[in-house]
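[1] one predicted model, sequence on top.
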Amino acid sequence: MAATAPPLRPVGRVTPPFERAAGKSGARLVSPLTILALVIHGYHPYAEDGGLYLAGVKSVLHPELYPYFRGFTTAHLRFSLFAPMVAGLVRASHLSLMGMMLFLYVASIWATLLAAWQIAIRCFRSREACVGAVTLLALLLTVPVAGTSLMLMDPYVSARSISTPCSLFALVAVTDIGRQIRQEERISIRSLLLCCGSLLLAALVHPLMAADALGCALVLAAAGLMNGKWQWVAYAGVCVTGLAAAALLIRFALPCPPGYMEIARTRSYWFLSSWHWYELLGLAAPLLVLAAIRFRLPNIHSGAFKWIAQMAIFVGCLSVLVAVTFARVDMSTYAVARLQPLRVFQTVYVITIVSVGAAVGEFVLRRSTWRRVAMIAGVGITMLFVQIGAFANSAHFEFPWAAPANDWERAFTWIRNNTPEDALIALDADYINAPGEDSHNFRAIAERSAVPDYSKDGGIASIASDLTADWFAGEKVQKGLDRATDAERIHAPRAFRVDWVVLSSGAITGFACDYANHAAKVCRVPARVRP
């Protein structure tokens with residue numbers, strides 16, 4: 001006779017007694033915390049990946065933009081509806097694009113903190129612990145996630161701005177469903193809709209992060225619904241499935257164009273062997289902290305926290321195992337590395353910070369107002385200075401109605417206002433790391449086509465292998481462009497119809513420069529060198 005799983009044992013209510021009231025008061029708490037987070041972390045809509053996504057939205061709203069090298073504007077959106085959705089919101093609301101992006105930025109912070117509050121009130125027994133949990137998360141939103149090149153939340157809008165709160169709300173829903181089944185209650189339609197709706201929205205805007213969220217939800221369901229050996233059987237099944245899927249990806253990966261592997265190797269965050277020691281420590285530390293709180297502080301948390309902590313520890317360990325086994329530099333294909341399995345640590349970090357904040361709230365802050373103020377001041381000011389240092393040459397709040405404070409932004413804005421839409425611009429291949437540039441994206445600000453650069457366009461080419469040839473061609477002609485002679489600058493753009501070149505203010509050139517400031521200048525390429 002086949003063995004059957006033992007029936008689930010009903011357990012006592014695993015959520016705090018104040019859960020219903022606290023759930024209603026969550027919005028009142030996270031609203032001022034959202035303002036606090038905005039003040040600390042700032043807003044930089046054109047920076048880093050924010051500029052990539054923003055250029056993608058602009059290309060949907062205005063298809064006439066970016067006639068050259070358009071793939072570097074749209075490739076990262078091939079499997080995402082983020083750009084069409086944002087464009088649809090702009091058209092429906094009649095707001096300006098930058099006004100909508102600011103709204104989405106504030107809304108995404110608010111939703112993330114609300115989701116964290118919903119997790120906290122299910123996991124911890126006192127209001128002091130829950131308040132400490134969400135407060136600490138608000139203070140640390142821009143903490144980097146080990147060596148993955150991710151932050152918990154970016155100081156700009158990207159698809160992750162939407163997928164992050166969706167992932168957390170899915171965990172809230174799975175926790176509720178697990179509790180309802182264990183207590184032999186009817187499964188709430190609201191919980192089912194929240195789970196499915198959150199995962200669906202995440203999948204529409206960021207399929208990769210949604211896959212991580214689905215994996216976390218499945219492991220959390222196993223932790224909440226199974227006991228003893230059956231729980232370990234479920235974990236083993238998930239582990240074997242994950243490893244088998246990675247092996248199949250490697251086995252049946254399509255051949256890549258010549259040179260693609262070289263592009264992929266420029267993305268050091270894909271490979272653990274390229275990480276610094278402190279980034280590796282950033283993988284182990286949260287898992288150890290969660291284990292310590294799980295086993296050493298049982299009085300502050302409920303059964304729901306045990307499930308969530310087990311989930312986070314398991315998915316963290318599994319992702320490291322997959323990365324070590326299948327995402328190495330010496331692999332014959334980077335099919336698994338391209339999926340960046342360690343990105344699941346974004347969720348692990350959120351759970352860890354919420355847990356640490358709960359312990360601090362329970363044992364240190366308690367109900368003391370001055371202690372809370374001291375923590376907010378100490379941690380908040382530290383993070384504020386870190387963010388100001390990261391964007392040292394830009395305004396802390398780059399609001400739509402404010403003129404740009406960054407000189408590189410001013411140069412890019414001049415190009416937008418004074419050059420034709422079909423202009424093609426060349427910049428140094430590493431312009432985004434130039435002194436004072438603060439990682440602002442040229443295409444998003446200037447709304448003009450640009451020859452592919454090393455940094456951000458290299459990231460696009462690493463996930464869209466069909467852009468390999470274009471990236472190599474563009475990176476080659478622009479490498480060292482800022483330090484080149486005019487003769488070299490004349491020779492370099494011959495392969496393209498380059499109209500203008502953007503150089504640093506210190507670059508020596510005899511080209512006619514129609515605009516210049518303390519950091520950058522915009523110069524005309526002599527007409528005789530254009531094809």
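    Here it is on my side, so go on.
[2] show me the helices in the stretch 351-500 of the chain, by range?
    Using DSSP state H, counting those that start in this stretch, the helices of the stretch 351-500 of the chain run over residues 369-390, 407-418, 442-446, 456-463, 468-478, 486-491.
[3] out of those helices, the one nearest Val233 is which?
    Between Val233 and the helices of the stretch 351-500 of the chain, the tightest spacing by C-beta to C-beta is seen for helix 456-463, at 35.6 Å. Heads up, the C-betas are built off the backbone N, CA and C, glycines and all.
[4] who does that closest one touch, helix- and strand-wise?
    helix 48-61, helix 71-74, helix 260-265, helix 468-478 (3 or more C-beta pairs under 8 Å, 6 or more residues apart in numbering; DSSP states H and E).
[5] run the angle between the first one and helix 369-390 for me.
    Using axes from the mean of the first three to the mean of the last three C-alpha atoms, to 10 degrees, one finds that helix 48-61 and helix 369-390 are set 70 degrees apart in direction.
[6] got a list of contacts for helix 48-61?
    Here helix 48-61 makes contact (C-beta atoms under 8 Å, 6 or more residues apart in numbering) with 44-46, 65-66, 70, 73-74, 76-77, 82-84, 86-87, 90-91, 97, 101, 154-159, 439-445, 447, 456, 459-460.
[7] how about Gln294: what's its closest non-neighbour residue?
    If you look again at residue 294, you'll see it is Arg, not Gln. Ala309 (4.3 Å; C-beta to C-beta, 6 or more residues apart in numbering).
[8] and what of Glu447?
    Arg416 (5.0 Å).
[9] surely the one you found touches Ala446?
    Yes. Contact criterion C-beta atoms under 8 Å: Arg416 and Ala446 qualify, at 4.9 Å.
[10] show me which of those two is the more surrounded one.
    Ala446 (26 against 12; other C-beta atoms under 10 Å).
[11] how far away is that one from Pro400?
    Per C-beta to C-beta, to the nearest Å, Ala446 is found 16 Å from Pro400.
[12] got it, and Cys216?
    Taken as C-beta to C-beta, the span from Cys216 to Pro400 is 35 Å.
[13] ok, the two, which is more surrounded?
    Cys216 (24 against 14).
[14] pLDDT on the longest helix seen in the chain, on average?
    In the chain, taking DSSP state H as the definition, the longest helix is helix 97-123. The average pLDDT within helix 97-123 is 95.
[15] following that helix, which helix or strand comes up?
    Later in the chain than helix 97-123, the nearest helix or strand by DSSP states H and E is helix 127-139.
[16] following that following helix, which helix or strand comes up?
    helix 159-182.
[17] buried residues in that next one, which are they?
    159-179, 181-182 (16 or more other C-beta atoms under 10 Å).
[18] ok, now stretch 360-368?
    Val360, Gly361, Glu362, Leu365.
[19] what about the protein, any weak spots by pLDDT?
    1-24, 492-495, 528-531 (pLDDT under 70).
[20] the domain parsing of it - what is it?
    The chain breaks down by automatic domain parsing into domains covering 19-46+95-367, 407-529.
[21] show me the one of these that comes nearest Gly378.
    So among the domains of the chain, domain 19-46+95-367 is nearest, using C-beta to C-beta, at 9.2 Å.
[22] check contacts around the residue nearest to Gly436 when sequence neighbours are not counted.
    Leaving out its chain neighbours, the residue that sits closest to Gly436 by C-beta to C-beta, 6+ apart is Asn393, at 4.3 Å. By C-beta under 8 Å, 6+ apart, the residues touching Asn393 are Ala405, Asn406, Asp407, Trp408, Gly436, Glu437, Asp438, Ala519.
[23] could you flag which of these are buried?
    Asn406, Asp407, Trp408, Gly436, Glu437, Asp438, Ala519.
[24] quick one: the last one and Phe511, what's the gap?
    Between Ala519 and Phe511 the distance is 17 Å, computed by C-beta to C-beta.
[25] now do the second one
    Asp407 sits 19 Å away from Phe511, going by C-beta to C-beta.
[26] looking at this, Pro63 is in a strand?
    No. If the criterion is DSSP: H, G, I helix; E, B strand; the rest coil, then Pro63 is coil and not within a strand.
[27] please report how far it lies from Thr74.
    10 Å.
[28] ok, those two, which is more surrounded?
    Counted by other C-beta under 10 Å, Pro63 and Thr74 do not tie: Thr74 has more neighbours, with 16 against 10.
[29] would TSV of the domains of the chain with distance to Ala374 be doable?
    TSV is the format used below for the domains of the chain (distance: least, C-beta to C-beta, whole Å):
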stretch	distance to Ala374
domain 19-46+95-367	9
domain 407-529	31
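[30] what's the angle between the host helix or strand of Ile35 and helix 369-390?
    Ile35 is located in helix 19-41, with elements delineated by DSSP H and E. With the same axes, to 10 degrees applied, the angle from helix 19-41 to helix 369-390 works out at 40 degrees.
[31] please write out the alpha-carbon positions of helix 19-41 in PDB.
    The C-alpha coordinates for helix 19-41 follow below in PDB (Å, rounded to 0.1, in the frame of the first residue of the first chain):
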ATOM      1  CA  GLU A  19      -3.200  42.000  12.600                       C
ATOM      2  CA  ARG A  20      -6.600  43.200  11.500                       C
ATOM      3  CA  ALA A  21      -6.300  46.600  13.000                       C
ATOM      4  CA  ALA A  22      -2.700  46.900  12.100                       C
ATOM      5  CA  GLY A  23      -3.500  46.000   8.500                       C
ATOM      6  CA  LYS A  24      -5.800  49.000   8.300                       C
ATOM      7  CA  SER A  25      -3.300  51.300   9.900                       C
ATOM      8  CA  GLY A  26      -0.500  50.300   7.600                       C
ATOM      9  CA  ALA A  27      -1.200  53.000   5.100                       C
ATOM     10  CA  ARG A  28      -1.000  55.700   7.800                       C
ATOM     11  CA  LEU A  29       2.400  54.400   8.800                       C
ATOM     12  CA  VAL A  30       4.000  53.900   5.400                       C
ATOM     13  CA  SER A  31       2.900  57.200   4.000                       C
ATOM     14  CA  PRO A  32       5.300  59.300   6.200                       C
ATOM     15  CA  LEU A  33       7.900  56.600   5.800                       C
ATOM     16  CA  THR A  34       7.600  57.000   2.000                       C
ATOM     17  CA  ILE A  35       8.300  60.700   2.300                       C
ATOM     18  CA  LEU A  36      11.300  59.900   4.600                       C
ATOM     19  CA  ALA A  37      12.600  57.400   2.000                       C
ATOM     20  CA  LEU A  38      12.300  60.000  -0.800                       C
ATOM     21  CA  VAL A  39      14.200  62.600   1.300                       C
ATOM     22  CA  ILE A  40      17.000  60.100   2.100                       C
ATOM     23  CA  HIS A  41      17.400  58.300  -1.200                       C
END
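[32] gap between that helix and the chain center?
    21 Å (C-alpha atoms, centre = their mean, to the nearest Å).
[33] ok, then the element right after the helix or strand hosting Cys195?
    For Cys195, the host element (DSSP H and E) is helix 189-205. Moving toward the C-terminus from helix 189-205, the next helix or strand (DSSP H and E) is helix 207-225.
[34] Cys513 and Ala520 touch, don't they?
    No. Counting by C-beta under 8 Å, Cys513 does not reach Ala520; the two are 9.8 Å apart.
[35] so what's the residue count around Lys521?
    22.
[36] correct me, but the residue nearest to Arg294 touches Ile293?
    Yes. Applying C-beta under 8 Å, one finds Ala309 in contact with Ile293, separated by 7.0 Å.
[37] higher neighbour count, the two?
    Ala309 (24 against 19).
[38] contact partners of the helix holding Cys195?
    80-82, 85, 159, 162-163, 166-167, 169-170, 172-174, 176-177, 180, 209-211, 213-214, 217.
[39] against Ala203, how distant is Gly197?
    11 Å.
[40] who's more crowded, these two?
    Using other C-beta under 10 Å as the criterion, Gly197 and Ala203 rank with Ala203 on top: 20 against 14.
[41] if anything else comes up later, I'll come back, but that's it for now.
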